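Chemist: fold the following for me, if possible:
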Amino acid sequence: MHTAICSDGPSRTGASSGSSGTTSNQAVQSPTGHTLQALRFLQLGQIAAQDSGCERTVALMCANAAWAYAVLDDHKRSMDSLARAHDAFARAEVDTTPWVRFFHEADLDAMSGVVNAALPTPSPRAYTATTEHLYRAVDARSLDMGRSQAFELTALATAHIRNGDPDQGVRVGRQAVDLARQVRSVRVIDRLAPLQQAALAYRTRGETAELADEIATLRTP
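Modeler: Prediction:
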């Protein structure tokens, strides 16, 4: 999701993998050709991270690669890469490369939720994994992490609506919209677009239509 882009100024040991993560993360949700390019960057980043011996960076690269595979509808590679991310994170030392210290367990939970939500072929198992990971990520956030919470609540609300629970989607979606208003981040507001589209599929329901209208108003320059 947003995690790889949160790194501002990677250290010398993490510079190669850090720049790969930042560039590729921006392209993961782009058209297929861009997603494939993003995946190549992530694979290069993973090699650099392994060479540096920083398991936390390996976890970050693998989690983002899992996202790319999910977008490409490669379920097996996506889940394999996500499992490697969790394994690497479990091995990571507390005193890690400075640029990747932001990547905590809540961020891995958030990425895990986003990966499962990104799979084009929905399934009850993926939906359960999405909600479990994202709720855990949201609960772990402190009050000063509104931007991260907004991303995660948006992904949660979208998943609920797409999986046939518009009532819960609206409840969570309103929290996401309220946070987006407070944070006033262009990226946070842009990430509301999939939620708006999901809500429009239930436009005959008053509350869901209202949520779509609120997001449209917020996204209007």
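Chemist: C-alpha from now on. contacts and neighbour counts both.
Modeler: Will do.
Chemist: now the element after the lowest-mean-pLDDT helix or strand in the chain, going C-ward?
Modeler: Lowest on mean pLDDT, DSSP states H and E among the helices and strands of the chain sits helix 15-27, with a mean of 41. The element immediately downstream of helix 15-27 (helix or strand, assigned by DSSP states H and E) is helix 32-52.
Chemist: kindly calculate the angle that the helix or strand just after that following helix makes with helix 32-52.
Modeler: Next helix or strand after helix 32-52 toward the C-terminus (DSSP H and E): helix 55-71. Between the axes of helix 55-71 and helix 32-52, defined by axes from the mean of the first three to the mean of the last three Cα atoms, to 10 degrees, the angle is 160 degrees.
Chemist: show me what the one helix or strand residue 108 maps to is packed up against.
Modeler: Element membership of residue 108, judged by DSSP H and E, is helix 105-118. If you count contacts as 3 or more Cα pairs under 8 Å, 6 or more residues apart in numbering; DSSP states H and E, helix 105-118 packs onto helix 55-71, helix 75-91, helix 124-140, helix 146-162.
Chemist: same thing but 6 Å
Modeler: helix 55-71, helix 124-140 (3 or more Cα pairs under 6 Å, 6 or more residues apart in numbering; DSSP states H and E).
Chemist: now what about the first one, what contacts it?
Modeler: It refers to helix 55-71. 28, 39, 42, 46, 49, 78, 81-82, 85, 88-89, 92, 115, 118-119 (Cα atoms under 6 Å, 6 or more residues apart in numbering).
Chemist: give me the mean pLDDT for the helix holding residue 108.
Modeler: For helix 105-118, the mean pLDDT works out to 96.
Chemist: ok now that helix, how far from the chain's centre?
Modeler: 6 Å (Cα atoms, centre = their mean, to the nearest Å).
Chemist: and if you look at stretch 109-119?
Modeler: For stretch 109-119, the distance to the chain centre is 6 Å (Cα atoms, centre = their mean).
Chemist: now that stretch - C-alpha only, PDB.
Modeler: C-alpha atoms of stretch 109-119 as PDB (Å, rounded to 0.1, in the frame of the first residue of the first chain):
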ATOM      1  CA  ASP A 109      -0.600  -6.300   8.700                       C
ATOM      2  CA  ALA A 110      -1.800  -3.400   6.500                       C
ATOM      3  CA  MET A 111       0.200  -4.700   3.500                       C
ATOM      4  CA  SER A 112      -1.200  -8.200   4.100                       C
ATOM      5  CA  GLY A 113      -4.700  -6.900   4.100                       C
ATOM      6  CA  VAL A 114      -4.100  -4.900   0.900                       C
ATOM      7  CA  VAL A 115      -2.600  -7.900  -0.800                       C
ATOM      8  CA  ASN A 116      -5.600 -10.100  -0.100                       C
ATOM      9  CA  ALA A 117      -8.000  -7.300  -1.100                       C
ATOM     10  CA  ALA A 118      -6.100  -6.800  -4.400                       C
ATOM     11  CA  LEU A 119      -6.700 -10.300  -5.700                       C
END
